[in-house]
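S.K.: just need the structure, nothing else, for what follows:
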Amino acid sequence: MSVISPVSHRPAAASESAESDADCPVGLTFRVERTPFDETYVPPRSTRLTTNYANLARGERRQENLRNVLTMIDARFNDLADWDNPDRDRYRVELQIVSVGLQIDSTDEADLENPAFPLIEMLQTTIVDRRLGRRIPGIVGNNLSSYVRDYDFSILLPRLAGEGPSGSIPETFGQLHGNLFRAFLSSDAYTRAFDTSPVVCLSASSTKTYHRTDNRHPLLGVEYVQDEYSFTDTYFAKMGLGVRYFMPPGSVAPLAFYFRGDLLSDYGILPLIATISTMETFQKIYRPEIYNANAAAGARYRPSLEHTDFSTTQVTYDRDERARLAVEQGRFAEEVLIAPHGERLQRWSDLQTAQTGDPGEKR
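M.R.: Coordinates of the predicted model:
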């Protein structure tokens, strides 16, 4: 495990007055740690247990699970990267879990004694070219998990829904999480550790309908557009990430790609293949009803977890456990981060939004 020296991200001076900034005595320090995700991986006690790859690495079949997952990823990668690869075994994908810790700086000495809060976990890929003996950096992001996101969706959202009429969720929902994520991306800790912006790849929403377009990318495949943005799309927009949906060659359902910049031109072919092969494999395990269906999505497509015509993988995944733990870990975030620091973090977040705007409104 390697550690990148923590570097602070502090808000710019408030435009209103120095007094406003003094009312928000908070600075953020980010720390990046890496853990190999291979067949020997054992989730540390500090990890989010709802993290999908942590779910796969527990139980009696943990090592078999991990070996099968990695084999599926490599097979899919070589299937997509088929040029100069007649035996479909030229490439191997290595994965690292990127853990981002958040240290809140303040004038309160008690804060300085607290350990870093486990803010975000993502995956980074590396492509190993066995033929040329090269290691090619991939993309960071892929899977994204967050305690604050658990808090937002499992603790805060039910409270908000119970306090007002249907559809009354405030527009500021997800703003704190979004500003924390954007602060990390703009920090020295991020720029020292990564060369490109992240790409997060998730399942398409089962509450929306997607329409196939005539736009086709040679690798990402055919593009779909949705009838309206999902709640997840809006949440990720506050993180400064746009979304496009593509169904890669040989896939049966579109994947949601969340990104900054230009998805089609900012990344190399092999790094994109690594993201597709990794996240499509995970989705086949997490949501086989959608991504391991026996028929491909049509011109008009609405994903459904009630679909029965699908194949299962040889990987054990406990979806019920994940849902239960999401609530427990949302409570952990409330106890450790929101309750002691929530007011100051919210003032900091409001300052960030006032200075940079809400990226969700610019979509």
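S.K.: need the residue closest to the centroid of this structure.
M.R.: residue 144 (1.9 Å; C-alpha atoms, centre = their mean).
S.K.: wait, isn't that residue in contact with residue 121?
M.R.: Yes: counting by C-beta atoms under 8 Å, residue 121 is a contact partner of residue 144 at 7.4 Å. For glycine as for every other residue, the C-beta is placed from the backbone atoms N, C-alpha and C.
S.K.: thinking again about what came up before, which parts of the strand or helix carrying the residue nearest to the centre of the chain are buried?
M.R.: Taking DSSP states H and E as the criterion, the element that holds residue 144 is strand 134-146. Counting neighbours by 16 or more other C-beta atoms under 10 Å, one finds that the buried residues in strand 134-146 are 137-146.
S.K.: and if you look at stretch 249-262?
M.R.: 251-260.
S.K.: ok, stretch 184-200 next?
M.R.: For stretch 184-200, by 16+ other C-beta under 10 Å, it's 184-185, 187, 189-190, 193-194, 196-200.
S.K.: how about residues contacting the helix or strand encompassing residue 183?
M.R.: Using DSSP H and E, residue 183 maps to helix 175-185. By C-beta atoms under 8 Å, 6 or more residues apart in numbering, the list of residues contacting helix 175-185 from outside reads 9, 28, 30, 100, 102, 119-120, 146, 148-149, 152, 190, 197-198, 235, 237-240, 260, 345-346, 348-349, 352-353, 356, 358-360.
S.K.: PyMOL command for the buried members of these?
M.R.: Here is the PyMOL selection string for the buried members of these, based on 16+ other C-beta under 10 Å:
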select buried, resi 9+28+30+100+102+119+120+146+148+149+152+190+197+198+235+237+238+239+240+260+345+346+348+349+352+353+358+359+360
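S.K.: how are the helices of the chain distributed by residue range?
M.R.: Taking DSSP state H as the test, the helices found in the chain are 18-22, 52-56, 62-80, 109-113, 147-150, 157-163, 175-185, 188-193, 231-237, 269-286, 288-291, 319-333, 339-356.
S.K.: looking at the ones you listed, which is nearest to residue 206?
M.R.: Using C-beta to C-beta as the measure, helix 288-291 is the one of the helices of the chain that comes nearest residue 206, at 7.5 Å.
S.K.: residue 327 against residue 154, yeah?
M.R.: Yes: at 4.6 Å, residue 327 and residue 154 qualify as touching, with contact defined as C-beta under 8 Å.
S.K.: quick one: which of the two has more around it?
M.R.: Neighbours per residue, other C-beta atoms under 10 Å: of residue 327 and residue 154, the larger number sits with residue 154, 21 against 16.
S.K.: number of residues surrounding the residue nearest to the more buried one when sequence neighbours are not counted?
M.R.: If the residues on either side of it in the chain are set aside, residue 154 comes closest to residue 330, at 3.7 Å by C-beta to C-beta, 6 or more residues apart in numbering. By other C-beta under 10 Å, 24 other residues sit near residue 330.
S.K.: number the chain from 15, please
M.R.: New numbering, starting at 15: the last item is residue 344.
S.K.: pretty sure residue 344 is touching residue 165, no?
M.R.: Yes: at 4.4 Å, residue 344 counts as touching residue 165 under the criterion of C-beta under 8 Å.
S.K.: quick one: the residue nearest to residue 168 from residue 114, how far?
M.R.: Note on residue 344: its distance to residue 114, by C-beta to C-beta, to the nearest Å, is 18 Å.
S.K.: check residue 133 too.
M.R.: 5 Å.
S.K.: and for residue 102?
M.R.: Residue 102 is 35 Å from residue 114, by C-beta to C-beta.
S.K.: also residue 264?
M.R.: Residue 264 is 33 Å from residue 114, by C-beta to C-beta.
S.K.: now residue 75
M.R.: For residue 75 relative to residue 114 (C-beta to C-beta), the value is 29 Å.
S.K.: for the record, mean pLDDT for the strand holding residue 158?
M.R.: The pLDDT scores in strand 148-160 average 95.
S.K.: if we can go back for a sec, shared neighbours of residue 133 and residue 114, which are they?
M.R.: 44, 198.
S.K.: the nearest residue to residue 77 once chain neighbours are set aside: neighbour count?
M.R.: Closest residue in space to residue 77, ignoring its immediate chain neighbours: residue 53 at 5.5 Å, by C-beta to C-beta, 6+ apart. A count of nearby residues for residue 53, using other C-beta under 10 Å, gives 16.
S.K.: pLDDT wise, what is residue 53 at?
M.R.: Looking at residue 53, the pLDDT reads 89.
S.K.: is it true that it touches residue 84?
M.R.: Yes: the criterion here is C-beta under 8 Å, and residue 53 meets it with residue 84 at 6.5 Å.
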